[in-house]
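Asker: Based on what follows, work out the 3D shape:
(4 chains)
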Number of protein chains: 2
Amino acid sequence: MARPREFDEEKVLELAVEQFWERGYEATSIRDLAQAMGLTTASVYNAFGDKRAVYRRALDFYVEHSFVDRVGRFESRPSREAIGAFFGEIIARSLSDTKRKGCMLVNSALEVAPHDEEFQRVVAGVLVQVEGFFLRCIQRGQADGSIGNRQAAADLARTLLGALLGVRVLARTRPEKELLEGLVRPIFALLEPDAPKQLEPA
Amino acid sequence: MARPREFDEEKVLELAVEQFWERGYEATSIRDLAQAMGLTTASVYNAFGDKRAVYRRALDFYVEHSFVDRVGRFESRPSREAIGAFFGEIIARSLSDTKRKGCMLVNSALEVAPHDEEFQRVVAGVLVQVEGFFLRCIQRGQADGSIGNRQAAADLARTLLGALLGVRVLARTRPEKELLEGLVRPIFALLEPDAPKQLEPA
DNA sequence: TGCGTTTTAAATCAAACGTTATAAAATCCA
DNA sequence: TGGATTTTATAACGTTTGATTTAAAACGCA
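Answerer: Just a heads-up that it's a prediction; the model follows:
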């Protein structure tokens, strides 16, 4: 045995997330990172490897604590409500995001994934999971009649995924409540149950 | 008078666009940039100022030659058709984007706009213009009956803007035809003319 | 207590960064 | 033809980059 760590790996990883999330990968130097984590550069390299490895771990941490957590909280709720609450939370977060950090997964999708095969797989994998969450909600809703089936469930799930990404990008430069809520309003209309057949009005 | 330029400013700017578009702002060094433009670093500084100024000009060039041009080509066509053609072209571009460069405006919205007031204004301004294009299309369509008015025109325009950004982000890590086309399919359904009142079927 | 091991702090590495002198080359106008 | 002026190419500026070395400090276990 030997000298023990002075820091908690999970805690400093959370600080690393904060730094990468706000500034991105390239604009964050090892010194920025070490300072944000409250460590020396030597400790960072000793504990995590290199800069890319810290980002990799930070992204996993972010996904686990934002997306996985959120899906877990909403999955059991009624389908329409789950989707509505999901978007409501995203919009609320976007509007209160004074540092304009956006979503670290979206940021990663644009900055690191296109030039790094592993990050591409990771990001794509998470997006597939998000799509899967929406798909399950819609399938449940279509089965119990709370969501209309004018559109294929697979397509609706893709539309929701697209709208989610659209909100997160748009909020980064135009974090306006009416804009973001207006964006999703027609999409919720798309989910409404089929209109009951009705007679021609007088 | 004095020695004339050996290069065409527009031409080297187009090469700068290519470089920044593919690698982003931070990951592109002045040397990368100068090499891509076929110039020495001294010439770059002499002609444009600093790195940020080159990016600024490159972004203007990109907006002018991709978005402004596209809107101009579609604005006069029938509204539904214009919107359809717009998305068709975006999806086709996304699927043939082997270098995964995505959209330089979206890239700028995430990398440079959040930490630079001027870029934020520029990007937001272009997004407002895109929204305006969609809004005009929808208003025309709702006026002539080719687009339904179950949803407010302003909301539909926002939804289209969101879908556009969603497609561009999603395509960056998952450039799959069925995914992108499926994403927009329900949104086009949202634009369909109001169903004529009909009798209850037998 | 002292050996083995690991973490820490500080200094350091070569390379790359954005930017700028410097001076030769190339043009216009007198 | 001859300054005046601007672009070029080369080279360098000081700083910062990602990463490592060094040696002291801090523990577990014998």
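Asker: in stretch A:51-70, what counts as buried?
Answerer: Using 16 or more other CB atoms under 10 Å in any protein chain shown as the test for burial, stretch A:51-70 gives A:51, A:54-59, A:61-63, A:66-67, A:70. The C-beta positions use only the backbone N, C-alpha and C, and glycine is treated the same way.
Asker: I'd like the residues you listed laid out as JSON lines, including distance to chain B and secondary structure.
Answerer: What follows is the buried residues of stretch A:51-70, written out as JSON lines (distance: CB to the nearest CB, whole Å; DSSP: H, G, I helix; E, B strand; the rest coil):
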{"residue": "A:Lys51", "distance to chain B": "13", "secondary structure": "helix"}
{"residue": "A:Val54", "distance to chain B": "17", "secondary structure": "helix"}
{"residue": "A:Tyr55", "distance to chain B": "14", "secondary structure": "helix"}
{"residue": "A:Arg56", "distance to chain B": "16", "secondary structure": "helix"}
{"residue": "A:Arg57", "distance to chain B": "20", "secondary structure": "helix"}
{"residue": "A:Ala58", "distance to chain B": "17", "secondary structure": "helix"}
{"residue": "A:Leu59", "distance to chain B": "13", "secondary structure": "helix"}
{"residue": "A:Phe61", "distance to chain B": "19", "secondary structure": "helix"}
{"residue": "A:Tyr62", "distance to chain B": "15", "secondary structure": "helix"}
{"residue": "A:Val63", "distance to chain B": "14", "secondary structure": "helix"}
{"residue": "A:Ser66", "distance to chain B": "17", "secondary structure": "helix"}
{"residue": "A:Phe67", "distance to chain B": "15", "secondary structure": "helix"}
{"residue": "A:Arg70", "distance to chain B": "18", "secondary structure": "helix"}
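Asker: Among the residues you listed, which one sits closest to B:Phe119?
Answerer: Of all these, A:Tyr55 has the smallest distance to B:Phe119: 23.6 Å, by CB to CB.
Asker: So that closest one is in contact with A:Tyr25, correct?
Answerer: Yes. Between A:Tyr55 and A:Tyr25 there is a contact under CB atoms under 8 Å: 5.6 Å.
Asker: Need the residues touching each of those two.
Answerer: Residues within reach of A:Tyr55 and of A:Tyr25 at once, by CB atoms under 8 Å, 6 or more residues apart in numbering or on different chains, are A:Val112.
Asker: For chain A, which residue gets nearest to DNA strand C?
Answerer: Residue nearest to DNA strand C within chain A (CB to the nearest atom of the strand): A:Ala2, separated by 2.8 Å.
Asker: Name the SS class of that residue, please.
Answerer: Using DSSP: H, G, I helix; E, B strand; the rest coil, the structure places A:Ala2 in coil.
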